[in-house]
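Visitor: What follows is a predicted protein model with its sequence.
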Amino acid sequence: MTRTGWIAAAVSTGFALIVGFGAGWWTQRAATDSPGPAPATQRPHPDDVEDRPETGFETVVVGLDETHDFGDGLTVNLSGFERGVEQGGVDPVTGQEGDLPYLSWTVEVANGGDKAVPTGLVTRSCSVGDPLRESGSPVLGESVNPPDSLDPGRSGSWDEDCWADEGDTQIQYTVEFHDQDFVPLYPPVTFAGTVD
């Protein structure tokens, strides 16, 4: 190879190295400077009210001593309201600790229809006082889980409770039944009234 050929080859190789190094540096720099793809958003929990599917259902309000019939034979009612005090209780809603008063009751469901109905996926909420305020639940009952489903002619129940001071006579309890995809099956039912 002639001297001119060697020089041309060296210049060409040097240029290629510089371009290669520069491209690599630019790629690395761009990777650290760019924000990259946005992180995937977490799917909301189906229990979040704002993210539930639209069903067109409106909440049905009934008295504390009423039985609500959903129209296909499934009924729900409340019974056995009692007051108590939980020693060493903790209310996560208010942050109160100590000997805390509460209200307890039983939710009764029955299937008078001709098909089995799912009853195990339930959302519940409780408010007490005047004006009403949201209240947490101490979950003190012996049977706190709804039955998974009810066959025709069958009934079931579970225990409910919520923190309530002695002066809290107004109570509002809402229950809603869902299918396995957490889509509401019926309108939410709110039991509202006065407890001594």
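Guide: Nice, thanks for sending it over.
Visitor: Looks like Pro118 contacts Gln180 (just checking).
Guide: Yes: at 7.2 Å, Pro118 and Gln180 qualify as touching, with contact defined as C-beta atoms under 8 Å. Any C-beta I mention is one placed from the backbone N, CA and C, and that applies to glycine too.
Visitor: more neighbours, those two?
Guide: Comparing Pro118 with Gln180 by other C-beta atoms under 10 Å, the one with more neighbours is Pro118, at 17 against 8.
Visitor: ok, and the closest non-adjacent residue to that one?
Guide: The shortest distance from Pro118 to any residue other than its chain neighbours is 4.9 Å, reached at Ser149 (C-beta to C-beta, 6 or more residues apart in numbering).
Visitor: same thing with Val61?
Guide: With C-beta to C-beta, 6+ apart as the criterion, Val61 has its nearest non-adjacent residue at 4.8 Å, and that residue is Thr190.
Visitor: Pull the contacting residues for that neighbour.
Guide: The contact partners of Thr190, by C-beta atoms under 8 Å, 6 or more residues apart in numbering, come to 59-62, 172-174.
Visitor: rerun at 6 Å
Guide: When the contact criterion is C-beta atoms under 6 Å, 6 or more residues apart in numbering, the partners of Thr190 are 59, 61, 172, 174.
Visitor: The residues you listed: which two are farthest apart?
Guide: Comparing all pairs in the contacts of Thr190 by C-beta to C-beta, the longest separation belongs to Thr59 and Gln172, at 10.6 Å.
Visitor: And these two? Which one has more around it.
Guide: Gln172 (19 against 10).
Visitor: before we move on, which element is that one in?
Guide: Mapping Gln172 onto the secondary structure by DSSP states H and E places it in strand 170-178.
Visitor: Mind giving me the packing neighbours of that strand?
Guide: The contact analysis (3 or more C-beta pairs under 6 Å, 6 or more residues apart in numbering; DSSP states H and E) places strand 170-178 against strand 121-128, strand 189-194.
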